[in-house]
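1. Let's see this in three dimensions:
(chains A and B)
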Amino acid sequence: MILKISRGTEEVAVEITSHAGTRKIRLDGINTDCDWVRIADGHYSLILDGSVFDALVDIDSDTCTVTSRAGTHTFRITDPRRSGSGQQTLEGPAGLQRVCADMPGKVVRVLVQEADVVANDQSLLVLEAMKMQNEIRAPKGGVVKEVAAVAGTTVNTGDFLLSIES
Amino acid sequence: MFQKVLIANRGEIAVRIIRACRDLGIVPIAVYSEPDRASLHVRLADEAYCLGPAPSLESYLKIEKVLEVAKHAKADAIHPGYGFLSENPQFADACAKASLMMVGPSAESMRMMGSKTGARALLQKQGFPLVPGTCKALTSVEEAIKEARILGYPVMLKASAGGGGKGMRFVTSESHMNADFVEAGSEALRSFGDSSLYLEKYMMRPRHIEIQILSDRHGNVIHLGERECSIQRRHQKVFEEGPSPLMDEKLRRRMGDTAIRIAQAAHYENAGTIEFLVDSDRNFYFLEMNTRLQVEHAITEAVTGIDLVCEQFRIAAGERLSLRQDQVQMRGWAMECRIYAEDPDRGMFPSAGVIRKLQEPQGPGIRLDSGIYQGWQVSIHYDPLLSKLIAFGADRAQTITRMKRAIQEYRITGIHTNLSFFSELLSNREFIAGQIHTAFIEEMQRHTSKSGEHGPATFHPHALAAALAHADATEASTEHQNTGPESRWKLSGRPGFLNAPRR
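-> Coordinates of the predicted model:
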């Protein structure tokens, strides 16, 4: 199988072929001398050009977080066999940005109303979680289109809070 | 010594106290809120009882329920840990009434030191050095303005009942006083049920240094040296070390003696901490007293060799201190990193979720006091402290090296943590030189630019690991489809098993 692994503007094609229980790996079409051992589910020890990487991998549908001594990296995995063309529906209609809850919590205050003009990074609402009040800020400037968040209610991860149109 | 002790807390500190119980042959009893059923402290205890639903007010802070459980489980003492009921004089009173020993000071001492203004008034009268400011609660914003003019701006507004940075405002000029007074007052009311405030002169880049004391029922008080707690964010400690890079024997003796006399003035019993601010001329001023075990107690344990929690139990059981002042020796250096579930890339936003993978550091000079395990759900309901990583060595330089190594080994996935913040801190030139103060983190973060993208040297191996994991997951799911929802072993094995009893 060939997988496209990307992070931001960087991308690499990883080709994995199995022959009688051993795997061959090609990076961008080039054979790679990578020695790897599976330690446990989602835990690999890699040696690449003599450098050791003890990597912990968590997969969440098509995003993947890899942690090693060199830090934490989040990747997008595209498996051309499975997905069609790389459509992305995260953005919603053109120019409309949906702001969703990153974690469960309680909406303490909603600081904007529909039709308000907001600047990039402006505070939109206050979410309380783990005894801490956190400001949710505008990911971009624009006009508040829809406000779903209500003060005093609790929200879960991924819940729609409000949208901004620019 | 006690037979059975109820631990009225959760997380890493409950685990720490359970370990002390084991060392002393005491049966540890855990309590928990509904979402904490699967917590580590419950798993490690001998007995455990549910207190109620998630909100602390209906569980960990519910005095009657805690006492009812203690009675039912036939506990003879309660250890409150830190936070929750640990500094609540009503709880201390209720324990005394129920003939349960609370491991800590008397309700009277708590009251005396718990009110910041009360403590300031008491100590000022006896001639102790205080941070300049008012010793009575302010009655109006006009009074605040008048007092601030005498002190000179900037000033700090603080909650009389306060602690933990709540109800605290840094006021730069008179024009801000009105708004800050109202805000701080309402925050104090929300946090402590008491809106009263007092004023302190704001000291420029002070150090926050605290002295650990132990005091028994027989009038013996000793101090166990200092901890430097200047590395703070939003007035909350995130990193501590001991000894302080600033300290010399003479200053330690003076501060230690002062701390002992303050403990005596408060008729204090058990373990306690006196916090001081120290200015650039090494003058020190009383800030407040913490009438409980501190989060950062392990630093003192590492450099003195004294088990503070075991000492607490011995003192509460009426025993004498096991050593005299001249037997207390500080050896080497220790540091503690508070590992929080928060995201350093997003302004330390709290991060709840399931801990998917966990690899804990080990090796020379490392101690980990942790309340988590792989697969555990970090709850949104409580403080985001996951664990405390403690390193110790012969001197400060060796301790920094060991701490950096441990942070590199420590892996927590599934949630964000502040681990990367500590590698940045421990590599900071001024930190290494020991030039730290309470505004250090803010200044450090202003000066460090984000070290952008990692090169292909780490991109490729990480991408490879991602691909391998994806391939394995895909293979596993196709194998699963081939076998179908029920394995053949189950299908052929089951009829025989079901038929067996009928024959």
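2. Centroid-nearest residue for the chain?
-> Just so you know, I chose chain A. With distances taken as C-alpha atoms, centre = their mean, residue A:63 lies nearest the centre of chain A, 5.7 Å away.
3. Chain B was what I was after
-> residue B:295 (3.2 Å).
4. quick one, what contacts that residue?
-> By C-beta atoms under 8 Å, 6 or more residues apart in numbering or on different chains, the contact set of residue B:295 is B:13, B:82, B:237, B:338, B:385, B:388. Using the backbone N, CA and C atoms, a C-beta is placed for each residue, glycine as well.
5. Distance check, it against residue B:69.
-> Residue B:295 sits 25 Å away from residue B:69, going by C-beta to C-beta, to the nearest Å.
6. do residue B:204 as well
-> From residue B:204 across to residue B:69, the span is 49 Å (C-beta to C-beta).
7. Of these two, which one has the most company?
-> Shown here are residue B:204 and residue B:69; by other C-beta atoms under 10 Å in any protein chain shown, residue B:69 has more neighbours (22 against 10).
8. helix, strand or coil for that one?
-> At residue B:69, secondary structure determined by DSSP: H, G, I helix; E, B strand; the rest coil is helix.
9. Pull the contacting residues for the residue nearest to it when sequence neighbours are not counted.
-> Distances taken as C-beta to C-beta, 6 or more residues apart in numbering or on different chains put residue B:49 closest to residue B:69, at 4.5 Å, once the chain neighbours are dropped. By C-beta under 8 Å, 6+ apart, residue B:49 lies in contact with B:29-32, B:69, B:72-73.
10. In a helix, residue B:49, correct?
-> No - with three-state DSSP as the criterion, residue B:49 is strand rather than part of a helix.
11. confidence score at it?
-> On the pLDDT scale, residue B:49 is placed at 96.
12. got it, and residue B:451?
-> Listed pLDDT for residue B:451 reads 49.
13. What of the one 3 residues further on?
-> Per-residue confidence for residue B:454 comes out at a pLDDT of 51.
14. Over to residue A:87?
-> 35.
15. Same check on residue A:121?
-> The score at residue A:121 is 82. That number is its pLDDT.
16. Please report the distance of it from residue A:164.
-> With C-beta to C-beta as the criterion, residue A:121 and residue A:164 are 12 Å apart.
17. More neighbours: which of the two?
-> Taking neighbours as other C-beta under 10 Å, residue A:121 and residue A:164 compare with residue A:164 leading, 25 against 12.
18. Phi first, then psi, for residue A:47.
-> Dihedral angles phi and psi of residue A:47 (degrees, to the nearest 10) take the values phi -120, psi 120.
19. Neighbours of it, how many?
-> Using other C-beta under 10 Å, residue A:47 has 14 other residues around it.
20. how about the nearest residue to it, chain neighbours excluded?
-> Using C-beta to C-beta, 6+ apart and skipping residues adjacent in sequence, the residue nearest residue A:47 is residue A:35, 4.4 Å away.
21. Compute the number of surrounding residues for the one you found.
-> 11.
22. same question, the one 3 residues further on
-> Summarising burial for residue A:38: neighbours were counted as other C-beta under 10 Å, giving 12.
23. Excluding residues flanking it in the chain, which one is nearest it?
-> residue A:44 (5.8 Å).
24. average pLDDT for stretch B:172-186?
-> What stretch B:172-186 shows for mean pLDDT is 94.
25. since we're on the residue of the stretch 1-150 of chain B found nearest chain A, how many residues are nearby?
-> Taking C-beta to the nearest C-beta, chain A has its nearest neighbour within the stretch 1-150 of chain B at residue B:56, 8.8 Å off. As a burial measure, residue B:56 scores 20 neighbours (other C-beta under 10 Å).
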